[in-house]
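Q: Curious how this folds, go ahead:
(chains A and B)
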Amino acid sequence: MTRVLEASGIVRRFGGLTAVGGVDIHVDAGEMVGLIGPNGSGKTTLFDCLSRVQTIDEGSIMLNGTDISKMQPHQVAHIGLSRTFQVLRVYRELTVLENMELSVQWGDISLLSSFRKPTKETTERADRLIDFLLLSRLRDQQASSLSGGQRRLLELGMALMSDPSIVLLDEAMSGVNPSLVEQIKDRIRILNQEQGVSFLLVEHDIRFVKDLCDRVVVLNYGEKLAEGAPDEIMENEAVIEAYFGDDGTEGAGDAGN
Amino acid sequence: MNKAVFKTIGLVLAALLVAMLFFLPMLGHYGNDSTLFTVTLLLASVGTAISWNLTGGFTGYVDFGHAVWWGIGAYTTGVLMSNESEWIPQQWPLVPALIVSMFFTALVANLVGRLTMRLSGPYFSIAMLGFFVFFREVVRVVGPLTNRGIGLTIKPVINRPLWYYITLIFVLFLVYLSWWLRRTRFGASLIAIREDEIGAEMRGIDTTRNKVMVFTLSGAITGLLGGMWAYQNTFLDPDIAFVEVRTIDAVMGTMLGGLGTVAGPIIGMVFLFVLRELLWTQESLLQTHLIVQGLLLGAVVLYLPKGLMGLVRGEVAFLDRFRERSSTFDGMESAVLEAQESSISDSENEHPNDPVAMHPTWDGRTS
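A: Okay, here's the model as predicted:
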């Protein structure tokens, strides 16, 4: 199977604290991988390293066979890695359509093109994605008027504008009402199964991870604790201990899920 | 107010203002030399505020040293057109001197931008203040080029109405440029940088390139305005070419009008200018007019953070706070309404006639 993303020995330190300590992780084409772990285990830091928002101290990251370890985030976005954020990053002042059009299409990177109006193809693509994400009636509204869940969908759409081969979803369900969770889950499943987009997702809702993911990686204290099929992971003693503590009473805040 | 009505009134007022400005030199007593000189300076200030707004308003990089570009542009024109520079004694004609001034300022702005646009927030603002002082002192030190601190004199070839019209047309072009830029993807990328730079990077925007680009453009515009001012003023020294007040005016005018809007810098600068004229011509306020201006800026930041444009649109800080307080009393009711609205919108989305049903995949293929 083609390997879309392969990170080896990723180390990220903040002064004396090692937030990520030598993690290996990979995602194959069309695969959906969950990244879980208690609060502070280094999930978002690892996401930041993979998407080049943060530099890495050691290790290497390959995206579709290209070394992206020293690239800028926008360069990584152009060659097929896109992501969403734990804290929503949509542009409140811009309309839904403008938010989508802003996200540069793959290959459309020249400075000159940014002084032109979005091409017909870009607008058509944005419209198709807006339809697909069930946001058609909000197309010309400012993002500030959208609900939390609708903004999550919009952010997903923005991430898809660059035609990525892999999308990193950082807590895509955070603050979303239950009816929209099902919609988002449904859209992600279609994207993965019918369009072949690979996903690496951080999620606190274990049921969500279990429903969607082919494989789960567990982080604890910045290191990989376990890896395997969702059912195996749910029964893994070390994972249960990391979440609940060894006396089975101490929660990490995520255990309720 | 209805958005379309608001827009129409705005356009009519703008057209009237432009017509008035075009006919000003023909108005006999009102279009005299002194009035034209003053209005030309006002137009140049509007131009400076528009260029400051590109970096400070659209991109969110508050530049406290913006007047440095005015100074560099003015001095480049001065050095080229005066015969008092030892290194360049030839007197250049006006147009080539202005073109060189604009490009030279753009070049310096580009180099400075590559260094400072990596910084964020107050670090950028203070670094720019540092560059302002640095270049002012460089002008004093490079004596043979700039005639030391003594200053440079440009031979006056004054045709005030012609000069007025040139400035007016240039400023109208700047208004159009700012309007057009805001509507391009480049303009939207600047807003994205202001609102969330990391997010913008992840959406594929080369934020460093776009920031340096807009900073260079902003520097070039102000450099050209500085060069035009030097020619009109016929004399310049470091203390009148590099003046902090030009930055303060640009910041104050833009904030008064509406930061990050196209019309804001224009409305704000005109308002500030008229207010200043009214205040300092009052005998009782002769000593205190600057205090009144300072208080006004403080009040705007506190109560009208979106400036006069915000006021027209009804976005007023203390009214918002009042609305928030009122809504707290109706908290329960609002929560219930919101929940109902949310369930309605969700069920609307699931409606079988939704276009999604006909476009089940996002790349246009049907599954």
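Q: Contacts only, for the residue of chain B at minimum distance from chain A.
A: Distances between chain B and chain A by Cβ to the nearest Cβ are smallest at B:Gly199, namely 3.2 Å. (Glycine included, C-beta is placed from N, CA and C.) Counting by Cβ atoms under 8 Å, 6 or more residues apart in numbering or on different chains, B:Gly199 touches A:85, A:89-91, B:192.
Q: And B:Ala74, by the same measure?
A: B:101, B:226-227, B:229-230, B:236, B:241.
Q: host element of it?
A: Using DSSP states H and E, B:Ala74 sits within helix B:67-81.
Q: Which strands and helices lie in contact with the very next helix or strand once past that helix?
A: As assigned by DSSP H and E, the chain's next helix or strand after helix B:67-81 is helix B:94-116. Applying 3 or more Cβ pairs under 8 Å, 6 or more residues apart in numbering or on different chains; DSSP states H and E, one finds that helix B:94-116 makes contact with helix B:67-81, helix B:121-141, helix B:207-233.
Q: now the first one: mean pLDDT?
A: Meaning helix B:67-81. Helix B:67-81 carries an average pLDDT of 94.
Q: Export the contacts of B:Ala74 as a markdown table, with columns for neighbour count and pLDDT.
A: What follows is the contacts of B:Ala74, written out as a markdown table (neighbours: other Cβ atoms under 10 Å in any protein chain shown; pLDDT from 0 to 100):
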| residue | neighbour count | pLDDT |
| --- | --- | --- |
| B:Ser101 | 30 | 96 |
| B:Gly226 | 32 | 95 |
| B:Gly227 | 29 | 94 |
| B:Trp229 | 23 | 91 |
| B:Ala230 | 30 | 91 |
| B:Leu236 | 27 | 90 |
| B:Ala241 | 29 | 90 |
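Q: would you list the residues you listed in JSON lines and tack on distance to A:Gln72?
A: Below are those laid out as JSON lines (distance: Cβ to Cβ, whole Å):
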{"residue": "B:Ser101", "distance to A:Gln72": "34"}
{"residue": "B:Gly226", "distance to A:Gln72": "34"}
{"residue": "B:Gly227", "distance to A:Gln72": "36"}
{"residue": "B:Trp229", "distance to A:Gln72": "39"}
{"residue": "B:Ala230", "distance to A:Gln72": "40"}
{"residue": "B:Leu236", "distance to A:Gln72": "42"}
{"residue": "B:Ala241", "distance to A:Gln72": "38"}
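Q: now the end-to-end length of stretch A:6-26.
A: Using Cα to Cα, to the nearest Å, the end-to-end distance of stretch A:6-26 comes out at 4 Å.
Q: That stretch and chain B in contact?
A: No. Residues of stretch A:6-26 are not located near chain B by Cβ under 8 Å from any Cβ of the partner chain, the shortest gap being 15.9 Å.
Q: Counting neighbours, which bits of that stretch end up buried?
A: Neighbour counts over stretch A:6-26 (16 or more other Cβ atoms under 10 Å in any protein chain shown) mark A:6-7, A:10-12, A:18-21, A:23, A:25-26 as buried.
Q: ok, now stretch B:134-152?
A: Using 16+ other Cβ under 10 Å as the burial criterion, the residues of stretch B:134-152 that qualify are B:135-136, B:139, B:145-147, B:151-152.
Q: Check the residues you listed one by one and keep those near chain A.
A: Applying Cβ under 8 Å from any Cβ, the subset of these adjacent to chain A is empty.
Q: What parts of the stretch 151-300 of chain B come near chain A?
A: Residues of the stretch 151-300 of chain B lying near chain A by Cβ under 8 Å from any Cβ: B:183-186, B:188-189, B:191-192, B:195-196, B:198-199, B:201-210, B:213.
Q: mind redoing it with 10 Å?
A: Residues of the stretch 151-300 of chain B lying close to chain A (Cβ under 10 Å from any Cβ of the partner chain) are B:180-181, B:183-189, B:191-192, B:194-210, B:213, B:260.
Q: What subset of these is buried?
A: By neighbour count, with 16+ other Cβ under 10 Å, those hold B:181, B:184-189, B:191-192, B:194-208, B:210, B:213, B:260 as buried.
Q: got any ranges where the chain has weak pLDDT?
A: If you meant another chain, say so; for now it's chain A. Scanning chain A for pLDDT under 70 picks out A:1, A:104-113, A:244-257.
Q: that's the wrong chain, I wanted chain B
A: Using pLDDT under 70, chain B drops low at B:1-3, B:28-31, B:157-158, B:314-367.
Q: rewinding a little: can you tell me which of the contacts of B:Gly199 is nearest A:Met71?
A: Minimum distance to A:Met71 across those is 18.6 Å, recorded for A:Phe85 (Cβ to Cβ).
Q: secondary structure element for the closest one?
A: Under DSSP H and E, no helix or strand contains A:Phe85.
Q: nearest residue to it other than its sequence neighbours?
A: A:Asp170 (5.4 Å; Cβ to Cβ, 6 or more residues apart in numbering or on different chains).
Q: That neighbour: what's it in contact with?
A: A:Asp170 sits next to A:35, A:43-44, A:47-48, A:51, A:83-87, A:155, A:200-203 when contact means Cβ atoms under 10 Å, 6 or more residues apart in numbering or on different chains.
Q: Could you tell me which of these count as buried?
A: Buried, going by 16+ other Cβ under 10 Å: A:35, A:43-44, A:47-48, A:51, A:83-85, A:155, A:200-203, out of the contacts of A:Asp170.
Q: in chain B, which spans are strands?
A: All strands of chain B, identified by DSSP state E, fall at B:152-153, B:235-236.
Q: Look at the closest residue to chain B within the stretch 51-200 of chain A and tell me its secondary structure.
A: Distances between the stretch 51-200 of chain A and chain B by Cβ to the nearest Cβ are smallest at A:Arg89, namely 3.2 Å. Of the three states, A:Arg89 takes coil under DSSP: H, G, I helix; E, B strand; the rest coil.
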